[in-house]
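> could you look at this predicted model? Sequence included:
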Amino acid sequence: MNQQEKKIIIQEIRTWRDSKLLPAEYCDFLLNLYAEGDSFSAEEQNRPRKNNRTNGGGEGLRQFFNSQASLVLLVMGVLLLFVIFAFNFTLFPLPMQIGVLALVTVVVYFLAIRSGQGPALKRLAWTATSAVLVAVDGYFYLSKTGLIESRGSVIGVMSVVFLLWVLTGGIGRSRLISGIGWGGLLLMYAMLIERIAEIGSSPYGVQHFYWLIPAILSLVLAYLLGRGRVYIAPVFFVLGLLSLFGPDLRLLVYGGSMDFFIQAIIFLKLAVLISVVIVFRLDLKNWWDGTSVEIGR
């Protein structure tokens with residue numbers, strides 16, 4: 001190997017060492033090997049390190065932004081902004097207060113969506129936080145506008161909140177949050193028919209027709225979402241079955257009398273439900289675990 005080839009190889013090794021493609025010890029060994037001990041001195045070995053120190057301004061800045069110190073400063077900055085807004089929040093105009101809460105909620109929702117493929121605990125934390133913020137936004141709007149005294153306004157706003165909870169649970173793959181959301185929507189429906197349809201004055205048999213609407217809707221959604229292997233599909237199935245007992249739950253809440261006929265109807269519904277669960281228990285288990293496309297397949 002002539003001197004020119006050795007110089008080219010040594011230059012390449014130096015490039016590897018400067019760019020850290022290989023560990024410094026390996027590059028030093030190769031340089032000593034090809035330089036045959038006379039042209040690669042201790043000063044030559046230290047040259048890349050000096051260059052690194054010379055270029056250390058940009059590299060040091062990059063390392064700082066990737067370090068724990070930058071994370072601490074970021075957290076402290078966010079905490080400072082939070083403290084400022086917390087102590088001066090009521091001094092801002094009402095539209096600005098609502099806008100700030102809405103902006104924070106949107107940011108948290110974005111973080112929940114971004115963490116959809118991340119660790120389950122992180123995803124659940126962001127999802128739960130966004131759900132709580134939606135509820136806070138709804139309560140804040142009702143209290144500040146004075147609409148909290150209006151039952152119709154409460155039903156309307158809370159229906160939107162619970163609908164967002166259902167969507168939040170779908171984003172974060174949380175059956176608990178989606179279940180609370182859909183259960184809240186059913187509760188709003190119960191309050192609506194109690195106020196508008198005056199269901200309390202209707203016979204026990206007629207009350208079932210009011211509850212067949214959410215029951216059928218829930219079961220249809222469970223079937224459609226289950227075919228798509230959507231994680232929250234069983235929530236609609238369980239609450240759809242629970243809706244069939246809407247008139248019975250109303251009697252328990254309002255302390256209505258249950259004669260023999262009503263008791264017999266409740267027993268028959270429970271018997272049919274338990275029989276279906278026993279017959280399709282394996283299909284239901286697989287469907288609940290998400291390993292089957294639909295019940296009965």
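That came through, no problem.

> where's Gly240 relative to Leu186, distance?
10 Å (CB to CB, to the nearest Å). To be clear about C-beta, it is placed using only N, CA and C from the backbone, and glycine gets the same treatment.

> I misspoke; the intended subject was Leu273.
Taking CB to CB, one finds Leu273 at 17 Å from Leu186.

> okay, the two: which has more neighbours?
Leu186 (21 against 14; other CB atoms under 10 Å).

> list the contacts for the more buried one?
Listed by CB atoms under 8 Å, 6 or more residues apart in numbering, the contact set of Leu186 reads Pro214, Leu239, Leu242, Ser243, Gly246.

> count of neighbours near the fourth one?
Yep, that's Ser243 we're talking about. 24.

> pretty sure it sits against Trp211.
Yes: in this structure, Ser243 is within contact of Trp211 by CB atoms under 8 Å, at 5.3 Å.

> just the buried residues of the host helix or strand of Leu212, please?
Leu212 is located in helix 204-227, with elements delineated by DSSP states H and E. Residues 204, 207-208, 210-211, 214-215, 217-219, 221-222, 225-226 are the ones in helix 204-227 that count as buried (16 or more other CB atoms under 10 Å).

> show the average pLDDT along whichever helix or strand comes after it.
The first helix or strand that comes after helix 204-227 along the chain, using DSSP H and E, is helix 233-243. Helix 233-243 carries an average pLDDT of 90.

> in the very next helix or strand once past helix 233-243, which residues are buried?
Downstream of helix 233-243, the first helix or strand assigned by DSSP H and E is helix 246-254. For helix 246-254, the neighbour count (16+ other CB under 10 Å) marks Gly246, Pro247, Asp248, Arg250, Leu251 as buried.

> ok, which pair from those is furthest apart?
Gly246 and Leu251 (10.0 Å; CB to CB).

> host element of Ser257?
Per DSSP H and E, there is no helix or strand for Ser257.

> ok, it to Trp211 distance?
For Ser257 relative to Trp211 (CB to CB), the value is 19 Å.

> low-confidence ranges in the stretch 151-297 of the chain?
Regions of the stretch 151-297 of the chain meeting the criterion pLDDT under 70 cover residues 290-297.

> in CSV: the buried residues of helix 204-227, plus distance to Val166.
Formatted as CSV, those follow (distance: CB to CB, whole Å):
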residue, distance to Val166
Tyr204, 30
Gln207, 25
His208, 25
Tyr210, 21
Trp211, 19
Pro214, 13
Ala215, 17
Leu217, 12
Ser218, 11
Leu219, 16
Leu221, 10
Ala222, 13
Leu225, 11
Gly226, 16
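
> of all those, which comes closest to Phe140?
Using CB to CB, those come closest to Phe140 at Pro214, 28.3 Å.

> is it true that the closest one touches Tyr189?
Yes: applying CB under 8 Å as the test, Pro214 and Tyr189 come out as touching, 5.7 Å apart.

> got a list of what Ile265 touches?
Tyr204.

> just checking, next helix/strand downstream of the host helix or strand of it?
Element membership of Ile265, judged by DSSP H and E, is helix 260-279. Next along the chain after helix 260-279, taking DSSP H and E as the criterion, comes helix 281-289.

> show me what counts as buried in that next one.
Buried-residue list, helix 281-289, by 16+ other CB under 10 Å: Leu284, Trp287, Trp288.

> against Arg175, how distant is Glu12?
Noted for Glu12: a distance of 58 Å to Arg175, by CB to CB.

> who has more neighbours, these two?
Arg175 (17 against 13).

> ok, that one touching Pro234?
Yes: the criterion here is CB under 8 Å, and Arg175 meets it with Pro234 at 6.8 Å.

> doesn't Leu225 make contact with Ala233?
Yes: using CB under 8 Å, Ala233 is in contact with Leu225, at 3.7 Å.

> give the contact list for Leu212.
For Leu212, the contact set (CB under 8 Å, 6+ apart) comprises Leu244.

> now do the helices in the protein.
3-18, 24-35, 42-54, 56-65, 68-88, 94-114, 120-145, 151-172, 175-195, 204-227, 233-243, 246-254, 260-279, 281-289 (DSSP state H).
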